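In: Just the structure for this:
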Amino acid sequence: MTESGKITLVGIGPGNKEHMTQAARDAIAQADTVIGYGTYIRLVEDLLDGKEVIKKSMTEELDRAVEALARARAGRRVALISSGDAGVYGMAGPTFEVLFQSGWTPTSGIAVEIVPGASALNACAALVGAPLTHDFCAISLSDLLTPWPVIARRLAAAATADFVIALYNPKSGRRTGQIVEAQRLLLLSRRPDTPVAIVKSAYRKKQRIEFTTLEQMAECDIGMLSTVLIGNSNTYLRDGLMVTPRGYAEKYDMAGGVAKVGERAGRSFSTGLEGWLADIHASCENAETLAARYNLPVDYVRQALAQPASPAVAERENSDVG
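Out: Model prediction:
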């Protein structure tokens with residue numbers, strides 16, 4: 001048995017050839033064996049002439065990784081493909097789990113490379129406008145491998161923290177209740193009219209885009225090929241586009257680009273870290289009151305109050321007094 005093969009974990013992007021990187025094309029071209037879910041194999045059919053092709057079903061991720069390891073141990077160059085990015089809900093995770101379980105190390109003779117690709121959230125965001133231009137997170141609603149209470153805690157935390165949320169694996173033929181439960185959780189801290197974009201099969205032949213609200217989200221056409229983008233408290237819909245402001249309008253005159261009174265270009269926001277520290281140090285309120293005001297853990301506020309004010313904070317406090 002030889003161990004001089006290679007496994008390349010290839011992210012093929014959303015599915016349209018124009019959005020597949022040249023590195024992904026090269027990895028597939030150089031492979032002897034290509035392994036993947038049947039739908040993903042069909043997306044790259046024109047690149048597979050003369051290659052061994054191994055198709056697996058949706059729930060056979062570990063089988064794909066095991067097959068890739070077996071072929072690589074036989075000295076073959078294997079392209080293990082994922083839609084989007086192999087490291088975002090893709091095959092990179094289970095492959096490394098199988099490799100480490102087998103005793104593999106980076107110096108054991110089998111090379112492993114990851115070729116990144118545009119993930120679904122990137123593709124979907126590009127189709128609907130600019131919904132991810134401020135802080136966002138991705139949460140999978142699939143409870144096949146993750147306990148529902150864990151998913152629910154993540155949804156609740158993301159909603160409370162006002163992240164834009166990208167929901168992966170929102171619904172399937174057998175998993176229909178998760179999207180409803182997610183909606184209930186999010187409505188506890190998000191407005192019913194929060195903008196939502198649902199993108200199905202981004203950049204593929206059956207692409208479909210629907211704009212709705214959080215209140216109506218669960219009634220829409222959502223399936224396993226859908227990605228759901230849920231806005232934060234500032235996200236808006238205008239002229240068929242979903243936009244999340246970055247915050248420039250709060251700091252600058254948008255017409256001239258000049259910083260507003262009390263702000264300085266290239267420096268922290270007046271209510272940024274330094275400004276906030278100055279405010280709480282100057283306040284006569286206790287940590288519990290401040291924690292409630294800012295919706296922050298009281299222990300964190302206590303630690304902030306206990307630290308000596310930085311020179312910048314002290315300077316601001318002195319200027320406020322003067």
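
In: Please make it C-alpha for all contacts and neighbour counts, starting now.
Out: Fine.

In: gap between the two ends of stretch 94-112?
Out: In stretch 94-112, first residue to last residue: 13 Å (CA to CA, to the nearest Å).

In: Other residues contacting that stretch?
Out: Stretch 94-112 has contacts (CA atoms under 8 Å, 6 or more residues apart in numbering) with 3-9, 61-62, 65-66, 69, 72-73.

In: Next, the buried residues of that stretch.
Out: The neighbour-count criterion (16 or more other CA atoms under 10 Å) identifies Pro94, Thr95, Val98, Leu99, Gly109, Ile110, Ala111, Val112 as the buried residues of stretch 94-112.

In: how about the strands in this structure?
Out: 6-11, 33-37, 52-56, 77-82, 111-115, 129-130, 136-140, 164-168, 195-200, 208-213, 226-230, 236-238, 241-243 (DSSP state E).

In: so who does Ile179 touch?
Out: Applying CA under 8 Å, 6+ apart to Ile179 gives the contacts Leu141, Pro170, Lys171, Ala218.

In: Pick out whichever of those sits closest to Ala287.
Out: Set against Ala287, the nearest of the contacts of Ile179 by CA to CA is Leu141 (36.5 Å).

In: Can you show me the helices along the protein?
Out: The residue ranges that make up the helices of the chain, judged by DSSP state H, are 22-30, 38-43, 61-73, 92-101, 120-128, 148-160, 178-187, 248-251, 273-282, 287-294, 298-306, 311-321.

In: State the mean pLDDT of the fifth one.
Out: Going back to what we said before, that points to helix 120-128. For helix 120-128, the per-residue pLDDT values average out at 96.

In: next one: the third one
Out: The pLDDT scores in helix 61-73 average 95.

In: quick check: angle from that helix to strand 33-37?
Out: Angular relation of helix 61-73 and strand 33-37 on a 0 to 180 degree scale: 180 degrees, by axes from the mean of the first three to the mean of the last three CA atoms, to 10 degrees.

In: got the CA positions of helix 61-73 in CSV?
Out: Coordinates of each C-alpha in helix 61-73 appear next as CSV, following Å, rounded to 0.1, in the frame of the first residue of the first chain:
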residue,chain,number,x,y,z
GLU,A,61,-20.8,12.6,3.8
LEU,A,62,-18.6,10.2,5.9
ASP,A,63,-18.8,7.7,3.0
ARG,A,64,-17.4,10.3,0.7
ALA,A,65,-14.6,11.1,3.0
VAL,A,66,-13.8,7.4,3.6
GLU,A,67,-13.8,6.8,-0.2
ALA,A,68,-11.5,9.8,-0.7
LEU,A,69,-9.0,8.4,1.9
ALA,A,70,-9.0,4.9,0.4
ARG,A,71,-8.3,6.3,-3.1
ALA,A,72,-5.6,8.6,-1.9
ARG,A,73,-3.9,5.7,0.0
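
In: Would you mind giving the orientation angle of that helix with respect to strand 111-115?
Out: Helix 61-73 runs at 130 degrees relative to strand 111-115, counting by the same axes, to 10 degrees.

In: what about helix 61-73, distance to the chain center?
Out: Its chain's C-alpha centre and that of helix 61-73 lie 27 Å apart, by CA atoms, centre = their mean, to the nearest Å.

In: can you pull the buried residues of it?
Out: Of the residues in helix 61-73, those with enough neighbours to count as buried (16+ other CA under 10 Å) are Glu61, Leu62, Arg64, Ala65, Val66, Glu67, Ala68, Leu69, Arg71, Ala72, Arg73.

In: bridging residues for the residue most central in space within the chain?
Out: For the chain, the residue lying nearest the average C-alpha position, counting by CA atoms, centre = their mean, turns out to be Ala138 (3.7 Å). Legend: beta-bridge partners of Ala138 under DSSP bridges are Ala166.

In: and it, what is it in contact with?
Out: Applying CA under 8 Å, 6+ apart, we find Ala138 in contact with Ile165, Ala166, Leu167, Tyr168.

In: Format the contacts of Ile179 as TSV; extra columns: neighbour count, distance to Glu181 and pLDDT.
Out: What follows is the contacts of Ile179, written out as TSV (neighbours: other CA atoms under 10 Å; distance: CA to CA, whole Å; pLDDT from 0 to 100):
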residue	neighbour count	distance to Glu181	pLDDT
Leu141	22	10	97
Pro170	25	11	96
Lys171	24	11	93
Ala218	21	9	95
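
In: Compute the number of surrounding residues for Ala156.
Out: 18 (other CA atoms under 10 Å).

In: list the contacts for the closest residue in space to it that isn't next to it in sequence?
Out: By the measure of CA to CA, 6 or more residues apart in numbering, the closest residue to Ala156 outside its immediate chain neighbours is Leu185, 6.1 Å from it. By CA under 8 Å, 6+ apart, the contact set of Leu185 is Ala152, Leu155, Ala156.
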